[in-house]
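Colleague: Sequence plus the predicted model coming up.
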2 protein chains.
Amino acid sequence: MPTPIDAQVRPPSPRETMQKERERAQGTFDLERLTYAMGGGEADVKLRRKHMFELERDPLFKLNDIHDLTKAEIRERTMAKFVSMAHYLQSESIPQFQQRMNVVSVADPAFWTRFGVHFGLFLGALRSGATANQMSYWMSRGVITLQGMVGCFAMTELAHGSNVAGLETTATFDERSDEFVIHTPSVSATKWWIGGAAHSATHSAVFARLIVKGMDYGTKTFVVPLRNPKTYQLLPGIAIGDIGKKMGRDGIDNGWIQFTNVRIPRAYMLMKHTQVTREGEVREPPLAQLTYGALLQGRTAMVADAAVTAKKALTIALRYAAVRRQFKTGDNPLETQLLDYPIHQRRLLPLLAQAVAMGFTSFRMTALFEEMSEELEALGTDSDAEETKSVLEKLKETHATSAGLKAFCTWNALETIEKCRASLGGHGYSAYSGLPSMYNDQAVQCTWEGDNTILTLQSGRSLVSSYTDAVKGATLPGGLSYLNSLPEVLTTACPSDAATLELDTLQAGWDCVSANVVKQAHDKFEEALKSGGGAKNREEALELCSQERFVAAKVHTAGYLFRMFREALIELAQNEPADNGVVATLEKICTLYGCWAIEENAQHFLKYRFFAPAQMDAITAEVTRLCAELRNCAVLLTDSFDLSDHIINSPLGRHDGDIYNHYFAHVKAANPHEPVAPYFERVIKPLIEREDVGFDDADEIDLDEELKEIQEEREGGDEDDAGDDDKEDEADKTRKVKETLDEPPK
Amino acid sequence: MPTPIDAQVRPPSPRETMQKERERAQGTFDLERLTYAMGGGEADVKLRRKHMFELERDPLFKLNDIHDLTKAEIRERTMAKFVSMAHYLQSESIPQFQQRMNVVSVADPAFWTRFGVHFGLFLGALRSGATANQMSYWMSRGVITLQGMVGCFAMTELAHGSNVAGLETTATFDERSDEFVIHTPSVSATKWWIGGAAHSATHSAVFARLIVKGMDYGTKTFVVPLRNPKTYQLLPGIAIGDIGKKMGRDGIDNGWIQFTNVRIPRAYMLMKHTQVTREGEVREPPLAQLTYGALLQGRTAMVADAAVTAKKALTIALRYAAVRRQFKTGDNPLETQLLDYPIHQRRLLPLLAQAVAMGFTSFRMTALFEEMSEELEALGTDSDAEETKSVLEKLKETHATSAGLKAFCTWNALETIEKCRASLGGHGYSAYSGLPSMYNDQAVQCTWEGDNTILTLQSGRSLVSSYTDAVKGATLPGGLSYLNSLPEVLTTACPSDAATLELDTLQAGWDCVSANVVKQAHDKFEEALKSGGGAKNREEALELCSQERFVAAKVHTAGYLFRMFREALIELAQNEPADNGVVATLEKICTLYGCWAIEENAQHFLKYRFFAPAQMDAITAEVTRLCAELRNCAVLLTDSFDLSDHIINSPLGRHDGDIYNHYFAHVKAANPHEPVAPYFERVIKPLIEREDVGFDDADEIDLDEELKEIQEEREGGDEDDAGDDDKEDEADKTRKVKETLDEPPK
């Protein structure tokens, strides 16, 4: 049906629509207070704002042109930022600087990594492995301030990643000269993926097998100079190359290194733990090194990063969904905002709830980590056995849980980015939406610092062992406390008249189901160990229950996120005024997370009969209902994530909603007008002006008539023998050649 | 414990390991026969080999350097390939050429798209929309052979993607001049994402609202010249820009187009359907256009592409897993091959089964599509009502199913690539592994040609309506036939003594659960329509059950893939000798797919009680067992996918297994040695040689002593009034200035 053009309704501008979204949410919660709650408290939020502001003003941290820089350009720009960050590193306390780096990691993940290679990995290796004298030696060489040296961390090799014990590079002690000879024995032993190696590092912390007097003592750490710090020329015996193009984080100059009989003084081996004397005596440390602490800190940072990264992606997707209109429904004269579609709410809002859960969990992990560090330090010779055991038990639990959290939170963030990207439709495929590079940058978080699958299995392995402990009557701490009420917890079920959707009920459900999946892994393990169970030893039995361990870690971690969120909420409720909507809103988000994660893991809730099928339907209905409710304040929730437009770095995720004008302007600025394609003359013109080079003129040969004539001639008889003579001649020649060839060599 | 270095065992080379893998699988199946079965028959396989061979020899189709080309370089190379493909297009039959394009789509997705914009979209628009005279006009202008013109397809706009009816561009008929005026009224109406627009197209098929005499007739298609084909200068009124950097497929020159009162002759509107006469009379076609056919063909191609793309990714991941060793387990002196880890088998082999299922489904879809096209064509005036109804019923079913298949198969392929990439650990992050660009190229398949979420909901909508038909007693065809046995099918359950894992049982399970999830969506829809159900009309009711529709489409599609695989297997078993292992191997793969997909959808199988919890455990055990069994022939299965090393284009997925040497050589060749970083002088030197610019010399100012003196002086009394005089002077000045400002304007 044709319609008169005069009667057509003009939609409000995206900017107006965005304004209406904020008006709509007014009164739901106090934005500033929720921001503090989401951001770990007022002081932290204000500090982060200060950091964001300083980044935005810093000309080196220009972000909006990064998608069109070449790899060479992005490498240089990333390196240029070192000066800026080294300044703060010199002038700030370490915890303050860490907070700054947390902001930088979301704004510029490649720079964060490249700087972190020196600051976290190289310096970290010295801190944990150098003796006091060694440390002051390297400090006098400028290791803290990057004045005189830049470090890298040469652990992984071409054929060896996760298995550090299997590295091939050797460090052979030469007693005569009191030196180590660092050597790469094969291509597969080439140091690989070494951030900083290709361009920026003067020194490396090299993991190599310590060989003394023909004995292999396993991998230790050696400081090996790579380049002359004055000229950056490679030192003798060092071959370095660029690893080249990666999926993301191209600002990092990852390289490969081959050592060919490179000599370093004995004093360059880090000797806080294993020591080699002048005479070649190897002294192993009395106790295996306790590195849990460093691992936990790294993982906490990655969980925090995952939470903020997910919030960044969701800010873009939700603001876009608020102003993008698509299809008319019913008798509305305007097209519908994406955010009004129930399926779109379902795509994004549970992910928002998950991101918030990850955020609260990261804060609680940090607190837990600090508390535990204090307790560990307080442990002394006068601690009683009970006390020591309790702290170590807690450490073990935190270690296992943090492995699972690192894995699932980095996966969650990756999945969130991808779902946000896809929710933008075609525009999510534009580099300028910011989401493709976020995906490509995030992907590696799931691999380094412990491959997620391996970490998940470690977490599962620890859960199996905790289950054994619980059965034996041990009391388990914190996130494992649900195992203390075995066997009852295994068979609880949600009563049919229960308020299915209260947080207490959800918690009971998570406890029951977590206990059951852990039991399943434990039982499978025990079964494999029995005679005929297929496993020759514990290691094999663990392999045979790896799928079950994986599931156990997955469910345990989802339940743990819920538990942490809920505990944070309870704590918050004690301090936050009840009338500002902060607790009420977070309670909804927490319920949404709990219910949605149950839906995602529904098979276990049904299998272990915590919920009956009809109750699962109620869970699904609740997820849908909460999504619809939170839709009303979705934009305001993105505001509470408190990320500046500079950090968001996407015209489609702008605070003011003016997406199309800015996106168009951005695309135009990034792609200056060319009158014709630069390759027009070379490629296009020859294509469209080409003439068919056919074989039509081959008809001129008139071959078939000719062939007929030749044949007739041939069949016409042997009028003369000239032909035959010729043939004989030919046959003669052939024979002669053959005879020559057949002659025996003289 | 230190170990003597002499006693260390050297592992076999990757090449030797790969050879052993093939020996290990010997006798499992006849490789060539399985290749034919996987590839749609001997003839198709041989044709594909011919195409792969021709591609490999074609210098323009060099693939191994693509990761380091700039966007400008990749654009030019992509365009250069047009000549090569245009040659085949001229000399081959359409079906033959389509087969060639199917190979090209896996080797070079960006070229495939860029060429397809002209060949599939522009030419397709003419085919479906031009009258006979219009068609021959454009043919005489070179549209088939690209001699004289290159077309693009200007549908989507900045603010309008999926909703074609909402496009803003106008085509206003000017009766005086017998022309249309094509106009872009606003920034948001800018044609956006137009492949070919930025550089290569001379003409575009523009979707614009037809406006005649003040009435809007909705969107129609117009051919609008963009550039002078001789010079490629833009024509008056045309503004075109480059869309710039994308997530992937940078070889396509996507652009934006703004039309500013551009005039085209009336005859350039495609008039096979809607027509506009010289007098401005608009004649709508008697029947809505039947475009199902074209849609189905496009979707079939995308399902086939998804299957082959997934196989390509799996070839890389499985071959890598075969030769990569990591960690020692038990008393094995060698590190374990990744492929030997149960969790690694679990990560990859179910995806292999899924890829095979998608492959067989694509062949059957093609056959179904051809059969249906014939039936549709045979429908004439003499067909009886029953016959017509049956064909249309089948068409409807195929349409709905193909929407779901397009969505889930492209998603499956994307997920498969990502999981394969991650399974390579760190090396999956290297561009040279080939998987990052595969991911980035594949992502858009989930958005264009129908956004996957929208297609899924369409499929779900159709399932709801089929359920209503089934309840009313209609007999449903093909993939929906399970709805014909309502209500029994809803309540079947796997008997406790049944052979849980036979294909028949699995099929019964899929039928039961598919019927139940469709019923769930249907019931939710009906409930929403009831008074108090929340929906004012059918459209709103559909929105309220969108989550349930989504689930219905998801489960139905997984079940459909299983059904198609199984049917193909039954057919194959009739022709294939029983002793060559082909059918037996495929049966295992089919069982693995069925069981694993059940595990993935376990909540529904438990909720609708087809399986009891213990039976679900049996399914899980069977998945693990089949993975372990298929592990033995995993490498040979990748061989049966029959993709050349050229197409695989990854040193880590090489047929011969010699991964490290080739990967290293590749990285070195792609990243030539630089003695020092190009930005050493600019950036690195100033960093490490910088001196602290501190404020220590500020002490020289000796300020505090001075301040004390000044203060004492000030407090010392008013020996003279000079100061006060000064103050008065100042006050005076201020007053004067103020008076001047307060003066009324003259």
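Modeller: Now that the structure is in, tell me what you want to look at.
Colleague: Outline the domain layout of chain A.
Modeller: A:150-283, A:292-455 (automatic domain parsing).
Colleague: nearest to B:P11, of those domains?
Modeller: Comparison of those against B:P11 by C-beta to C-beta identifies domain A:150-283 as nearest, at 9.1 Å. For glycine as for every other residue, the C-beta is placed from the backbone atoms N, C-alpha and C.
Colleague: Need the domains of chain A in JSON lines (columns: distance to B:P613, mean pLDDT and mean neighbour count).
Modeller: Converted to JSON lines, the domains of chain A look like this (distance: least, C-beta to C-beta, whole Å; pLDDT from 0 to 100; neighbours: other C-beta atoms under 10 Å in any protein chain shown):
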{"stretch": "domain A:150-283", "distance to B:P613": "35", "mean pLDDT": "97", "mean neighbour count": "20"}
{"stretch": "domain A:292-455", "distance to B:P613": "24", "mean pLDDT": "91", "mean neighbour count": "21"}
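Colleague: Columns distance to chain B on top of these, output as a markdown table?
Modeller: Shown next, in a markdown table, are the domains of chain A (distance: least, C-beta to the nearest C-beta, whole Å):
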| stretch | distance to chain B |
| --- | --- |
| domain A:150-283 | 4 |
| domain A:292-455 | 4 |
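Colleague: can you redo these as CSV with distance to B:G241?
Modeller: As requested, these are exported to CSV (distance: least, C-beta to C-beta, whole Å):
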stretch, distance to B:G241
domain A:150-283, 25
domain A:292-455, 13
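Colleague: Out of those, flag the one nearest B:H646.
Modeller: Once these are compared by C-beta to C-beta, domain A:150-283 is nearest, at 19.6 Å.
Colleague: Just say helix, strand or coil for the residue nearest to the spatial centre of chain A.
Modeller: In chain A, the C-alpha nearest the mean C-alpha coordinate belongs to A:Q445, at 1.9 Å (C-alpha atoms, centre = their mean). Three-state call for A:Q445 (DSSP: H, G, I helix; E, B strand; the rest coil): helix.
Colleague: The closest residue to it other than its chain neighbours and A:A306, how far apart?
Modeller: The shortest distance from A:Q445 to any non-neighbouring residue, by C-beta to C-beta, 6 or more residues apart in numbering or on different chains, is to A:T410 (4.3 Å). According to C-beta to C-beta, to the nearest Å, A:T410 and A:A306 sit 5 Å apart.
Colleague: Could you tell me which residues touch both of the two?
Modeller: Contact criterion C-beta atoms under 8 Å, 6 or more residues apart in numbering or on different chains; residues shared by A:T410 and A:A306: A:Q445.
Colleague: For the stretch 251-400 of chain A, which segments count as helices?
Modeller: A:292-323, A:342-378, A:385-423 (DSSP state H, counting those that start in this stretch).
Colleague: nope, the stretch 401-550 of chain A is what I meant
Modeller: A:435-442, A:452-471, A:488-491, A:503-529, A:538-544, A:546-575.
Colleague: Mean neighbour count, the ones you listed: which tops it?
Modeller: Of all these, helix A:435-442 has the most neighbours on average by mean count of other C-beta atoms under 10 Å in any protein chain shown, namely a mean of 25.
Colleague: Confirm that A:H199 lies within a strand, as I assumed.
Modeller: No: applying three-state DSSP, one finds A:H199 to be coil, outside a strand.
Colleague: Unless I'm misreading it, A:H273 sits right up against A:A130, doesn't it?
Modeller: No: A:H273 is not in contact with A:A130 according to C-beta atoms under 8 Å; the separation is 10.2 Å.
Colleague: so how far is A:A154 from the residue nearest to the centre of chain A?
Modeller: 21 Å.
Colleague: One more: A:L314?
Modeller: For A:L314, the distance to A:A154 - C-beta to C-beta - is 37 Å.
Colleague: and if you look at A:E377?
Modeller: Applying C-beta to C-beta, the value for A:E377 to A:A154 is 31 Å.
Colleague: which residue sits closest to A:K20 in space, ignoring its chain neighbours?
Modeller: A:K20's closest residue in space is A:P12 (C-beta to C-beta, 6+ apart), at 7.4 Å.
Colleague: I figured that neighbour was touching A:M18, is that so?
Modeller: No: counting by C-beta under 8 Å, A:P12 stays clear of A:M18, with 9.6 Å between them.
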